[in-house]
Structure formats: C-alpha cells, structure tokens
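Asker: I'll drop the sequence and a predicted model, then ask my questions.
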Amino acid sequence: MRKMKLSVNINKIATIRNARGGNTPNLLLAASRIESFGADGITVHPRPDERHIRYTDVRDLKTQVQTELNVEGYPNESFMDLVLEVLPHQVTLVPDPPEALTSNAGWDVESNFVFLNSVIRQLKDAGIRTSIFMEANFQFMQAAKDTGTDRIELYTESFSIGYNLDKNKAIEPFVEAAYKAKEFGLGVNAGHDLNLDNLSFFAQKIPILNEVSIGHALISDALYYGLENTVRMYKHALAATT
C-alpha cells in the first residue's frame, strides 16, 4: 500500500508572526521542527498582499526544506515569477481571488482549460510537479488529464461539512472522483478542513491518496497538544489506514 504523505501548511504560523512584526514565531524554525516531527512536506500559500506567507519566506524555505515544498496559489504573473525562480517540488494551482480569506472553490477545469494548459506547460518545462485544486467532480477528470497536470487536489470542504451528518454519503463523490483520476493516470492529493476527526475515514475510503495538505486544523490542534505531538497524531491517523 502506498504511503500517504502529510504536508503541513504553515500559513497560520506566519499569520501569528505578522500580527506583531519581527520574527516570532520563527517560520523557518517551525518548518524545520515540523519536518523533524515526521511531516513529509511543507505547504505555503502566498497571497498578493503577503498577509501571512511572504514571497521572501518562499525563497528562504526552498533553501531549508528537506522533504518537499508545495507552493499553492493563483497563477498570476507575480506568482508564476516566484515559483519559476524558486522551483518548489510541487505547485498547486488554486482559483482564489486576492481578497479571499481562504480557498473556497476548485477550478472549473473545462471552462479554464486553455489557461491551465498554458500555465501547467510552463511549470512542467521547469521540472515542477503540478496539481490542480478542484471539486470532487469526476466529469472534470478528462479535462484535468488533458491539461498535462501530474495530480489533482480534491477540495474537501463539502466532505468535512457532510461528515457529521452522513459520512458515507459525504465521501461518495470523492471516492468516485479519486478513482476516475487514477484511471486517467493522475495522482490524487486532498485538502481543506481535514482534521483529526475525519482524516482516517477519508483516507481509509480513498487508499490511493498520494498526499493530504493540512494547515488550519493541525496548527489549531497544536495549541492544545503541542506541535510535535500533533504532527505525530496526524501521521498516525494516516498510518492507521494502510
């Protein structure tokens, strides 16, 4: 069984730092500790106003991260300039506007096919693995494949909302979308509102997952359990599925 990787989104750590200025908490130290506690990667999502992750953070992290660096964002000119300079291991394309507090939708891959195809070609030419953040819509998988992307990332907010109502119903479209992606030779990542309550179930039902990206819930849990313990708890939740 494939090992499911945990990439920790450290945006919230940067938010705390920026609230007071200075360098406390130290983002690079936090990333290094998170890796040492067992995370398989570090995720960041810089926004144009740099309200949490700064472009300089991305540059600094590339020189330090020992696992994998995943950079998420909308591929405008400044974002593309950054990732083509830094060359992270993975770029996840997200269709969020600059003012969005957090990612709140996936790509309509069919309507944005020409744009995504062009962006992905540039990233692939630079040797960067690509992923498209998208809804659990199996009908988009052919279009996703045709863009040339390596992976998709399933936007899991609807699963998280539905989990406490009817978890089996909530997971159905994600299982269908994930296996359709696999059928087309695409890797499958997932993220958004996955947490210690729902992660094991999600991963058990989709054992072909390559990676989950978790930030808000994990960093929030770390306030109660400590960062080292929390990373290990999330890793255990994934390991329990394999």
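Answerer: Okay, I see it. Residues are numbered from 1 along each chain as shown.

Asker: What separation is there between residue 142 and residue 105?
Answerer: For residue 142, the distance to residue 105 equals 20 Å [CB to CB, to the nearest Å]. To be clear about C-beta, it is placed using only N, CA and C from the backbone, and glycine gets the same treatment.

Asker: likewise residue 53?
Answerer: 20 Å.

Asker: Please say which of those two ends up with more neighbours.
Answerer: residue 53 (26 against 15; other CB atoms under 10 Å).

Asker: three-state assignment of the spatially most central residue of the chain?
Answerer: For the chain, the residue nearest the mean C-alpha position is residue 213 (3.9 Å; CA atoms, centre = their mean). When classified by DSSP: H, G, I helix; E, B strand; the rest coil, residue 213 comes out as strand.

Asker: pLDDT averaged over the longest helix along the chain, what's the number?
Answerer: Counting by DSSP state H, the longest helix found in the chain is helix 157-183. Here helix 157-183 scores 97 as its mean pLDDT.

Asker: Tell me the buried residues in that helix?
Answerer: If you call a residue buried by 16 or more other CB atoms under 10 Å, then helix 157-183 has these buried ones: 157-160, 162-163, 167, 170-171, 173-175, 177-178, 180-181.

Asker: what's the closest of those to residue 224?
Answerer: Residue 224 has its nearest neighbour among the buried residues of helix 157-183 in residue 160, at 19.0 Å by CB to CB.

Asker: who touches the closest residue to the closest one other than its chain neighbours in this structure?
Answerer: Nearest non-adjacent residue to residue 160, counting by CB to CB, 6 or more residues apart in numbering: residue 193, 3.6 Å away. Residues near residue 193 by CB atoms under 8 Å, 6 or more residues apart in numbering: 156-157, 159-161, 216-217.

Asker: Check residue 16 too.
Answerer: By CB under 8 Å, 6+ apart, residue 16 lies in contact with residue 25.
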